[in-house]
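[1] Could you look at this predicted model? Sequence included:
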Amino acid sequence: MGNRNDEVERFKRLRDQQLRARDPQKKQQQLQHNISKRYKQSREPFSFTKIWQEVEHKWRGILIGGFLGFILLIIRIFCPHIILVIPGIHIDTSRAYSRIMPSIPEERLSDLIQLPVDKWKNRVRNDFEEIVYHDHREIADIQDKLYSSGAVFSSLSGSGSAVYGIFTRDTGVPDFPPDYFTWSGQL
């Protein structure tokens with residue numbers, strides 16, 4: 001007898017639920033709720049962060065790859081050539097980091113990288129350059145040689161010892177000692 005009463009109660013709850021779902025007043029409330037929610041969303045300021053959070057995880061890699069590809073294409077169009085020189089000189093990274101003096105730059109890097117690459121010289125800085133060039137003058141000479149060969153920008157890569165130069169055209173690789181690794185090509 002208990003099972004039958006439980007079954008009857010379950011059917012009553014189910015019927016009440018179905019009646020509530022058909023209630024026109026309930027449907028109107030739900031419609032009003034959806035309209036007000038969309039209106040609030042349309043009034044919110046535009047946010048890439050919010051859009052990014054709504055992108056499914058599986059699509060994020062594709063979007064990031066596409067964005068980086070677009071950036072590389074732009075760099076390739078405006079600065080199609082790069083020369084990389086690795087002199088094989090060991091840089092003591094822990095010593096280099098210990099000598100860095102943090103400071104607030106006059107211009108933000110995020111603003112500077114939006115400028116044309118030929119405007120980066122003397123503005124975009126790698127804080128390790130001063131330290132590494134002081135200890136290893138031959139690495140500073142690589143940068144000087146890249147600039148004298150027509151580089152529009154040259155810098156130490158990370159804490160060294162590789163140095164790269166960005167060129168607007170292929171000028172050929174300057175002469176470096178034979179034990180230096182050099183690579184030249186388009187980005």
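    Received it, and whenever you're ready, just let me know what you need. Residues are numbered from 1 along each chain as shown.

[2] Show me what counts as buried in stretch 144-153.
    Neighbour counts using 16 or more other CB atoms under 10 Å place 145-146, 149-153 of stretch 144-153 among the buried residues. (Each C-beta comes from the backbone N, C-alpha and C, glycine too.)

[3] what stretches of this structure score poorly on pLDDT?
    Within the chain, the ranges that satisfy pLDDT under 70 run 1-2, 46-48, 58, 68, 70-80, 187.

[4] Outline the domain layout of the chain.
    Taking automatic domain parsing as the reference, the chain has its domains at 2-44, 80-186.

[5] follow-up on the earlier one: give me the subset of the buried residues of stretch 144-153 lying in helices.
    145-146 (DSSP state H).

[6] which one of the buried residues of stretch 144-153 sits closest to residue 170?
    Taking CB to CB as the measure, residue 150 is the one of these closest to residue 170, at 9.9 Å.

[7] ok, now which ones touch the closest residue to that closest one other than its chain neighbours?
    Nearest residue to residue 150, sequence neighbours excluded (CB to CB, 6 or more residues apart in numbering): residue 171, at 4.6 Å. The contact partners of residue 171, by CB atoms under 8 Å, 6 or more residues apart in numbering, come to 81, 149-150.

[8] and residue 171, helix, strand or coil?
    coil (DSSP: H, G, I helix; E, B strand; the rest coil).

[9] And it, how far from residue 146?
    Counting by CB to CB, to the nearest Å, the gap from residue 171 to residue 146 is 10 Å.

[10] So what sits opposite residue 85 in the bridge?
    In this entry, residue 85 is beta-bridged to residue 163, residue 182, by DSSP bridges.
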